[in-house]
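In: The amino acid sequence is not available; the structure is as follows:
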């Protein structure tokens, strides 16, 4: 039985890696297509190659700051080794990206089977409209439910039309319970009721959806702060996690959203959706490096199992495979 169970787990991990590689196909093709043009006809990594490589990284949405960090490391390597061939360049870039991703987060990947540090463990989910926030909540709920955890969802996005109905659909799909009120209700009141219900039902995990109006609106940030304060009154220390959901296909706009939200909300983890539909997967590297906040989940498809726990080593392997 143990061997059979291990084999099934290994098959699941292999399937997840395959979906990740397929999901990163556009990013991989775009990045290495540009890189091939940079080194075409070159034998060594010189200043011209480095300048062109800098452009490749920036246009791959790695971000200016992270690009400067990577180019600086490669320049240092060239100075040390005196001679670096263009054939070595891919290996060097892979090593630098791996180091950036691994050094910026010491957290282990999420384990849905592991005992939770709090009961209920409260997760507040934030992000602008259209990034896949509610869908991500449903998929995370599904993973916890599949691991035997009792999950309660809070429909505190009471401003967007159909947001409550959408979360209700995902509650049904995942088997989680949902606490809701009416359209236009006070989001903080919904959050308060959700945590009260979770305590009375002895739930393991609470996922609270929040409003996602334009991130430039000060009112949204004040509303999120209020929701956070109210949750702490109901469950001490709540929320225990604040996940920011970003649409990877928006590239640099996702970086700007991360900057605004992290200034106003204590974001503890990032969820990057829609990686399968874009060539902008480099945003994962840039965001992880710039904000020093762990990427916890990535979306590589529309299926209920296609929101994957972010494994930094698996990501680098899929990107360079």
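Out: In hand now; what should we look at? Predicted model only: the values in this text are computed from it and were never measured.

In: in this protein, which residue is closest to the centre?
Out: Among the residues of the chain, the smallest C-alpha distance to the mean C-alpha position (Cα atoms, centre = their mean) belongs to residue 271, namely 2.2 Å.

In: How far off centre is the helix or strand encompassing it?
Out: Remark: residue 271 resides in strand 269-273, with elements defined by DSSP states H and E. The gap between the average C-alpha position of strand 269-273 and the chain average comes to 2 Å, counting by Cα atoms, centre = their mean, to the nearest Å.

In: by contact count, what packs against it?
Out: Under the contact definition 3 or more Cβ pairs under 8 Å, 6 or more residues apart in numbering; DSSP states H and E, strand 269-273 sits against helix 133-146, strand 241-247, helix 283-291, strand 295-299. In short, each C-beta sits where N, CA and C put it, glycine included.

In: I'd like the ones you listed as a markdown table, with mean pLDDT and mean neighbour count appended.
Out: A markdown table is the format used below for those (pLDDT from 0 to 100; neighbours: other Cβ atoms under 10 Å):
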| stretch | mean pLDDT | mean neighbour count |
| --- | --- | --- |
| helix 133-146 | 96 | 24 |
| strand 241-247 | 96 | 24 |
| helix 283-291 | 89 | 25 |
| strand 295-299 | 94 | 23 |
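
In: Tell me which of these lies nearest to residue 97.
Out: helix 283-291 (5.7 Å; Cβ to Cβ).

In: what's the spacing between the residue with the largest distance to the centre of the chain and residue 186?
Out: With distances taken as Cα atoms, centre = their mean, the residue sitting farthest from the centre of the chain turns out to be residue 82, at 38.5 Å. Residue 82 is 66 Å from residue 186, where distance means Cβ to Cβ, to the nearest Å.

In: residue ranges with poor pLDDT in the stretch 51-200 of the chain?
Out: Confidence mapping of the stretch 51-200 of the chain against pLDDT under 70 gives the ranges 104-108.

In: Tell me where the stretch 101-250 of the chain has strands.
Out: In chain order, the stretch 101-250 of the chain shows strands spanning 121-126, 151-155, 177-179, 205-209, 241-247, with DSSP state E, counting those that start in this stretch as the criterion.

In: I'd like to know which elements the second one is packed against.
Out: Packed against strand 151-155, as judged by 3+ Cβ pairs under 8 Å, 6+ apart, are the following elements: helix 133-146, helix 163-174, strand 177-179, helix 187-200, strand 205-209.
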